[in-house]
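K.L.:
Here is my input; please provide its structure:
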Amino acid sequence: GRSRRAPETGTTPSLLQLAFTALSASRVPMSRVTKVAANQLFKSEPNPAWFGNPRNPAKGAGWDQPNWLTSRFHFSFAEYSEGKPRFGVLRVLNDDRVQPARGFGTHGHANMEIVTYVVEGELTHQDSMGTAETLGRGAVQFMTAGTGVHHSEHNLNEEHPLRFIQMWIVPRARGLQPNYGSATVPPEARKDKLAHLVSDVNDAAKTPVKINQDANIYAGELSGPSASLAYDLKAGRQLYFVCLEGAVDLKTGEEATLFERHDAAEIVGPAQLSIGSSAAGSHVLLVEMAAQ
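P.N.:
All right, here's what the predicted structure looks like:
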């Protein structure tokens, strides 16, 4: 009769191994979402004298915090060195709350793209290029610090605090000519939609602010629980997400994650983002860039 052949013990792959290899080769890269909860952020309350401010009052009119400044650092900055150094080209994201009649005295910057988004109150800016203006909620300003610039930022209102997000983005080149610009985006431009505020000078996108780096910044406000926003994060791109006000459910698949005021997330594409409001008046910020 026919002899029975012994099983092979060499390197020939099994059917199971071949199937697994084929599945792995065809798999689409998965998005990665890392939540950064508000209680993980470093809270800085610097001495008033460091930026030319008088002592904090025992009880200041319109003050909602005991110190002139409460700043939440999303990355290592100033006295805080134990955090993540940056996320791609996003070197700094500080959430600053300045009390009435206080501010940052004149100080200098160089070789950085500095973008500021006003969340609440009025920000008065002056710089060594001759700019002087006051910006309100929804305004975005930028400064190409380049070879060097000095500026000050104040809340001159004596009754209401000021809150703004300041972002430092590493430019594609050093030694650029200093530059400044700003724009106020009307509420309807970001109501239940993402307003594209900032884009690369080399990109054809029409945005009110252009910077010297491959990065985009969006802001959106959700009018109620039935409202939602969508964003298609491409492969090879990444995004830093911040819930500025209210609460939202962020989905990149079937499961939703709740984000409340000050919560953030690092997201690496590809990902289809769905942002649903969990409370009236929710407000979000997205900073998108090439993955690193």
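K.L.:
pLDDT below threshold where in the stretch 101-250 of the chain?
P.N.:
Nowhere does the stretch 101-250 of the chain drop to pLDDT under 70.
K.L.:
Just the strands from it, written as ranges.
P.N.:
102-109, 113-120, 123-127, 132-135, 139-144, 149-155, 162-169, 179-184, 194-200, 209-211, 215-222, 228-233, 237-245, 247-251 (DSSP state E, counting those that start in this stretch).
K.L.:
of all those strands, which lies closest to Gln272?
P.N.:
strand 228-233 (6.0 Å; C-beta to C-beta). Just so you know, the C-beta spots here come from the backbone N, C-alpha and C atoms, and that holds for glycine as well.
K.L.:
Return the list of helices and strands in contact with that closest one.
P.N.:
Other elements packing on strand 228-233 under the criterion 3 or more C-beta pairs under 8 Å, 6 or more residues apart in numbering; DSSP states H and E are strand 215-222, strand 271-277, strand 282-290.
K.L.:
Please compute how far it lies from its chain's middle.
P.N.:
How far strand 228-233 lies from its chain's middle: 15 Å, per C-alpha atoms, centre = their mean, to the nearest Å.
K.L.:
what's the answer for stretch 260-278, then?
P.N.:
That offset, for stretch 260-278, works out to 11 Å (C-alpha atoms, centre = their mean).
K.L.:
ok, back up a step: is it possible to get a markdown table of the helices and strands packed on strand 228-233 that adds distance to Ser71 and mean neighbour count?
P.N.:
Formatted as a markdown table, the helices and strands packed on strand 228-233 follow (distance: least, C-beta to C-beta, whole Å; neighbours: other C-beta atoms under 10 Å):
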| stretch | distance to Ser71 | mean neighbour count |
| --- | --- | --- |
| strand 215-222 | 19 | 24 |
| strand 271-277 | 25 | 20 |
| strand 282-290 | 16 | 22 |
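K.L.:
re earlier: redo the strands of the stretch 101-250 of the chain as a markdown table? Include distance to Lys84.
P.N.:
Output for the strands of the stretch 101-250 of the chain, formatted as a markdown table (distance: least, C-beta to C-beta, whole Å):
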| stretch | distance to Lys84 |
| --- | --- |
| strand 102-109 | 21 |
| strand 113-120 | 19 |
| strand 123-127 | 27 |
| strand 132-135 | 29 |
| strand 139-144 | 23 |
| strand 149-155 | 25 |
| strand 162-169 | 14 |
| strand 179-184 | 29 |
| strand 194-200 | 22 |
| strand 209-211 | 22 |
| strand 215-222 | 17 |
| strand 228-233 | 20 |
| strand 237-245 | 11 |
| strand 247-251 | 20 |
